[in-house]
Each structure stands twice: as structure tokens, then as C-alpha cells.
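J.: What follows is a predicted structure for the sequence shown.
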Amino acid sequence: MKRNVYGALMIVALALIVSVPMTQAQATRANVPFEFSLGHQPMPAGNYEISAVNEKVLAMRNLDTMEARLLIASIHVQASQAPHAKLVFHKYDDQYFLAEIWDGSELGIQIPESKREKEMRWARNNYRPELVVIAMK
């Protein structure tokens, strides 16, 4: 019972993690060719659509499986160069973690490291992950 409550709270917390609204009215899409983690949730490879539910909530939906996750924007990041709509992943060996979502404006969302990603980084002596960028349309 305690684990179910904890799991439900983690899903709500994940939904509250991100707080920059997507500035584009339409959804953006990306083809992610590998499995990845979104917070504590595994996500399969596939075609994804990212859209704003409201000014603080984003929906990330796998168009192949129709599986969706909600993200609540909370961590702002500013582009240092010309912005492009993209997803940024941290890669450790063969494991990927979604780290940032950019909608093509100057602002993006940074997704906090999950416990699993932190453990992988520390197990590798604070090794910096490889950055993998997927363009969105």
C-alpha cells in the first residue's frame, strides 16, 4: 500500500517538475530511435508528440503506443545560441535519460536527474554523460 502511494506521488511529482510553457501553439514531434527514461518512467522508442496542455503543463505522447506522460514545467533554461526545437538526452553506456525539452523559443525546460541517473553518474566517478540531441518538427 505504501509503495502504491509512493508511486502515485512520484507520478504527480514528475508532472510538477517542468515549469516553462511551450510557446508554440501547435504540437511538436520527434522520432526517438531508442528507449529512454523520463524521470523514473521508462519510455519506448518511437514517434513522440509534445504539446502544451496549459501554460504550465506539457504532454509527451508516444504516437505509436499512445502512451502519454504529463510534465509540469518548473526549471527554466535560457538558450545561449540560436534556439531550435529539440530534445536533449543524457547517455550513459546504452541508457538514455531525457534532460531538456526545447520548443524553438529562447526558453526550454530542464528535467531534473532521476535517482537512477544520479546513481549512474556517481558510479562512473561523476562522469559527464554524452549529449544526444533529437530535432523536433
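T.: That came through, no problem. Residues are numbered from 1 along each chain as shown.
J.: How about the residue nearest to the spatial centre of the chain: what's its closest non-neighbour residue?
T.: For the chain, the residue nearest the mean C-alpha position is Leu98 (4.1 Å; C-alpha atoms, centre = their mean). Ranked by C-beta to C-beta, 6 or more residues apart in numbering and with sequence neighbours excluded, the top spatial neighbour of Leu98 is Leu38, at 5.0 Å. To be clear about C-beta, it is placed using only N, CA and C from the backbone, and glycine gets the same treatment.
J.: Quick check: next helix or strand after the worst-scoring helix or strand of the chain on mean pLDDT?
T.: One helix or strand of the chain scores below all others by mean pLDDT, DSSP states H and E: helix 2-15, with a mean of 48. For helix 2-15, the following helix or strand on the C-terminal side (DSSP states H and E) is strand 28-32.
J.: Just the buried positions in that next one, please.
T.: For strand 28-32, burial by neighbour count (16 or more other C-beta atoms under 10 Å) applies to Thr28, Ala30, Val32.
J.: repeat for stretch 92-103
T.: For stretch 92-103, a neighbour-count test (16+ other C-beta under 10 Å) marks Tyr92, Gln95, Tyr96, Phe97, Leu98, Ala99, Glu100, Ile101, Trp102, Asp103 as buried.
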